[in-house]
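Student: Fold the following and give me the result.
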Amino acid sequence: MTPTAAPDTVRLALPKGRMKDSLFDLMGAAGVKVTESSRGYRPRLALEGFDAKILKPQSVIQMLQAGSRDVGFAGADWVAELDATGLVEVMDLGLDPVRLVAAAPSDLLDAGGNLPTDRPLLVASEMERLTTRWIESRGLNAVFVRTYGATEVFPPEDADCIVDITQTGSTLEANRLTIIDTLLTSSTRLYANEGAMANPVKRERIEHLALLLRSVLEARERVMLALNVASESLERVLAALPCMREPTVSPLSHDAGYAVSSAVPRADLARVIPILKQAGATDLVVTQPSLIVR
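Tutor: Numbers count the residues shown, from 1 in each chain. Model prediction:
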C-alpha cells in the first residue's frame, strides 16, 4: 500500500499474463477503467477507495494470504497448487477457462491410453504439488521435474509426460502429445483475504466491485428483446417469452396493442424468435445491454 493510502483503502492485486487483457476489458466495460503507469505495475482505477498493483498470478495469491493485498484476481489452478488458505472466493468470472491436464506422446501409452507403471518415468510441470499428488493417485513410478514455462516441449527427450494448462489443446497436439487425464478445471476468479472481508468498509467496496463485474457478465449473456403485439395475442406471446422475472408491458397509443420488452438469454434467441412471431409478435428489435443489475 502506498504511504498516503487511507486505512480502509482496498488493496487490489491484478494479474500479469494471460488473464490481464480479458480482465481489463471486463473492468472497463463495468466503468472501472484501468490506467497503467509508465512502469506498468501500479495502475490507477476509476473506482474510489482502491489501490491497485499488478503481480504475477502466484504472487497475487501469496500476497492475499499474507494480508498485504485485500482482494485480487487469480486462477483457481494456482489457488489449488499453492494450497491457499484464509481466502474467500468472492466470484467466479468465468474468464479464460482452462484445464490442467496430463499429456504424453501417444507411442508411450498402452492400449488403454495409460502410462506404463512398470518403468521409471519423468513427469514435467510448473505445478509440483498438484502433479506429485496426481502421480501418487495413478500409482506411477515417476520423478517430478520442475519447468519454468514451455512445458509442452519437454517430451520426448527430457520428460515422458507433462502436466500443463491448456485452453484448446492445440499446442499439445502440435507437439504430438495426447491428453490422458484432466486434473482440474480453472478460470479467473476474484478472491479476498478473510480479514478484509471482516472489515465492513472494505467488504462493502469489494462487494461493490463484484456487483459491477457481475452486471457486465450478466449483460454479455443476455440481449434486450422489444416487440409489439396485438391485445388478443398478448398472453400467447408472454407465455413464449423468456425473461429474468417479468417482462415490461406498456400499452401502445390508440389502443393498438402492447409494447413488450424482456432481457432474453442470448442462447435462446434463435429458438424463441420464430415462436414469438408465430404467437403474434411484430416489430421485434434486439439490442445489447451494457449492464444488467439484478
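Student: Contacts for stretch 16-32 next, please.
Tutor: Contacts to stretch 16-32, defined as CB atoms under 8 Å, 6 or more residues apart in numbering, come from residues 14-15, 33-34, 45-47, 54-57, 73, 75, 93, 95-96, 188, 209, 212-213, 215-217, 290-291. For the C-beta atoms, the positions are set from N, CA and C on the backbone; glycine is no exception.
Student: give me the low-pLDDT residue ranges for the stretch 1-150 of the chain?
Tutor: Applying pLDDT under 70 to the stretch 1-150 of the chain flags the ranges 1-5, 39.
Student: re earlier: would you list the buried entries among the contacts of stretch 16-32?
Tutor: 14-15, 34, 45, 47, 54-55, 57, 73, 75, 93, 95-96, 188, 209, 212-213, 215-217 (16 or more other CB atoms under 10 Å).
Student: who does whatever helix or strand Leu122 lives in pair up with?
Tutor: Secondary structure from DSSP states H and E places Leu122 in strand 121-125. In the sheet, strand 121-125 lines up against strand 142-146 (parallel), strand 161-166 (parallel) (DSSP bridges).
Student: Domains in this structure, by residue range?
Tutor: As recorded under automatic domain parsing, the domains making up the chain are 10-95+188-219, 98-186, 222-287.
Student: The stretch 151-294 of the chain: helices as residue ranges?
Tutor: For the stretch 151-294 of the chain, applying DSSP state H, counting those that start in this stretch gives helices covering 170-174, 194-198, 200-221, 234-240, 269-279.
Student: Now the longest one: buried residues?
Tutor: Same thing as helix 200-221. 202-203, 205-206, 208-210, 212-220.
Student: Kindly report the same for the second one.
Tutor: Within helix 194-198, the residues that qualify as buried are Ala196, Met197, counting by 16+ other CB under 10 Å.
Student: now do stretch 22-40
Tutor: Using 16+ other CB under 10 Å as the test for burial, stretch 22-40 gives Leu23, Phe24, Leu26, Met27, Ala29, Ala30, Val32, Val34.
Student: and which of the residues you listed is nearest to Met224?
Tutor: Ala29 (16.1 Å; CB to CB).
Student: what's the distance between that closest one and Val98?
Tutor: Per CB to CB, to the nearest Å, Ala29 is found 22 Å from Val98.
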